[in-house]
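S.K.: generate coordinates for the sequence data below:
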Amino acid sequence: MSTDWSSALLNKKALCLLFCLFLAACSSNKAGVSNATKGSYSGSTYTVKRGDTLYRISRMTGSSVGELARLNGLSPPYTIEVGQRLRVKSSASAGASRTASRSTIASRRPAALPKVDAPPPGQRCWRWPTSGKVVLGYSTADGGNKGIDIAGQRGQPIYASAAGRVVYVGNQLRGYGNLIMIKHTEDYITAYAHNDTTLVNNGQQVKAGQKIATMGSTGTDSVKLHFQIRYRATALDPQRYLPPQGRSPSC
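M.R.: Residues are numbered from 1 along each chain as shown. From the prediction side, this is the model:
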């Protein structure tokens with residue numbers, strides 16, 4: 001996207017898109033939804049299923065995210081619950097959208113984000129955001145871990161993996177606790193979850209290696225950092241791009 005993120009922080013639509021892209025690409029058990037009924041779409045209503053986001057539902061129903069939010073009285077970060085019934089487009093317009101989408105759904109997973117080829121390692125310099133044992137690695141499986149979990153001590157420093165601008169600080173994304181997201185270029189975002197304290201603010205420019213938080217257990221049951229690198233909203237395996245632990249990047 002070509003959005004200027006310093007101004008996007010003041011733009012609810014852009015912030016909504018940031019949330020939706022992040023959640024749609026990482027719909028896993030971390031999203032905090034239970035193994036409930038699968039979603040169903042009937043007429044002008046949609047019943048939320050496990051792993052759904054407003055962005056994903058908009059793709060399936062032909063309604064825009066803004067329209068869904070307006071019809072259902074939702075506000076950022078547009079939290080929805082499994083089993084919740086959402087109003088969508090009227091039956092007439094929704095029927096046309098469903099007809100057009102059925103052929104697409106038959107050839108690919110419903111509402112999947114477009115496949116993005118992973119960039120080669122070494123294209124950018126990344127630093128380890130903290131030290132410690134990787135207790136859960138990256139997984140491409142449905143519901144798998146879309147980053148790495150690094151164990152450590154409460155209060156341990158968390159550092160920016162690369163220079164960039166902070167585009168989110170908060171705890172509104174269920175299952176991630178105190179979360180920081182940093183935009184590095186038009187293509188890259190890193191995320192740092194479960195922090196005990198956060199030391200940066202929205203819109204702040206940070207340097208590579210700058211202390212941005214301390215490790216904690218918010219949103220989880222053990223002290224750790226959940227770290228993600230995203231390329232055009234697609235989660236990458238951080239260990240493919242980070243240098244060996246204890247070493248500075250060679251680039």
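
S.K.: quick one: low-confidence parts of the stretch 1-150 of the chain?
M.R.: 1-43, 77, 90-116 (pLDDT under 70).

S.K.: so Met60 belongs to a helix, correct?
M.R.: Yes: residue state for Met60 (DSSP: H, G, I helix; E, B strand; the rest coil) corresponds to a helix.

S.K.: quick one, what contacts the closest residue to Gly209 other than its chain neighbours?
M.R.: In space, Gly209 comes closest to Tyr159 once its chain neighbours are excluded; the distance is 5.2 Å by Cβ to Cβ, 6 or more residues apart in numbering. Every residue, glycine included, has its C-beta placed from N, CA and C. Counting by Cβ atoms under 8 Å, 6 or more residues apart in numbering, Tyr159 touches Arg127, Trp128, Pro129, Thr130, Gly209, Gln210, Lys211, Ile212.

S.K.: now intersect those with the helices, please.
M.R.: Among those, no residue falls in helices (DSSP state H).

S.K.: which one of those is nearest to Phe227?
M.R.: Ranked by distance to Phe227 (Cβ to Cβ), those are led by Pro129 at 5.2 Å.

S.K.: the protein: helices as residue ranges?
M.R.: Assigned by DSSP H, the helices in the chain fall at 5-8, 12-24, 54-61, 65-72, 91-107, 238-241.

S.K.: with only the CA atoms kept, save the fourth one in PDB.
M.R.: What follows is helix 65-72, C-alpha atoms only, in PDB (Å, rounded to 0.1, in the frame of the first residue of the first chain):
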ATOM      1  CA  VAL A  65     -15.600  -3.600   5.600                       C
ATOM      2  CA  GLY A  66     -17.100  -0.100   6.100                       C
ATOM      3  CA  GLU A  67     -20.600  -1.300   5.100                       C
ATOM      4  CA  LEU A  68     -20.400  -4.300   7.500                       C
ATOM      5  CA  ALA A  69     -19.300  -2.000  10.300                       C
ATOM      6  CA  ARG A  70     -22.100   0.500   9.600                       C
ATOM      7  CA  LEU A  71     -24.800  -2.200   9.300                       C
ATOM      8  CA  ASN A  72     -23.800  -3.900  12.600                       C
END
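
S.K.: could you list the buried residues of it?
M.R.: Within helix 65-72, the residues scored as buried using 16 or more other Cβ atoms under 10 Å are Val65, Leu68, Ala69, Asn72.

S.K.: repeat for stretch 237-249
M.R.: Asp237, Pro238, Gln239, Tyr241, Leu242, Pro249.

S.K.: please name the nearest non-neighbouring residue to the third one.
M.R.: Spatially, and ignoring its direct neighbours in sequence, Gln239 is nearest to Ile148 (6.2 Å; Cβ to Cβ, 6+ apart).

S.K.: in contact with the one you found: list those residues for me.
M.R.: Val134, Leu136, Gly137, Tyr138, His226, Phe227, Asp237, Pro238, Gln239 are the contacts of Ile148 under Cβ under 8 Å, 6+ apart.

S.K.: mind listing which of those residues are in strands?
M.R.: Using DSSP state E, the subset of the contacts of Ile148 located in strands is Val134, Leu136, His226, Phe227.

S.K.: show me the beta-bridge partners of the residue nearest to Gly209.
M.R.: Beta-bridge partners of Tyr159, counted by DSSP bridges, are Lys211.

S.K.: pLDDT wise, what is it at?
M.R.: Tyr159 is assigned a pLDDT of 98 by the prediction.

S.K.: if I look at it, how far off is Tyr231?
M.R.: In this view, Tyr159 and Tyr231 are 20 Å apart by Cβ to Cβ, to the nearest Å.
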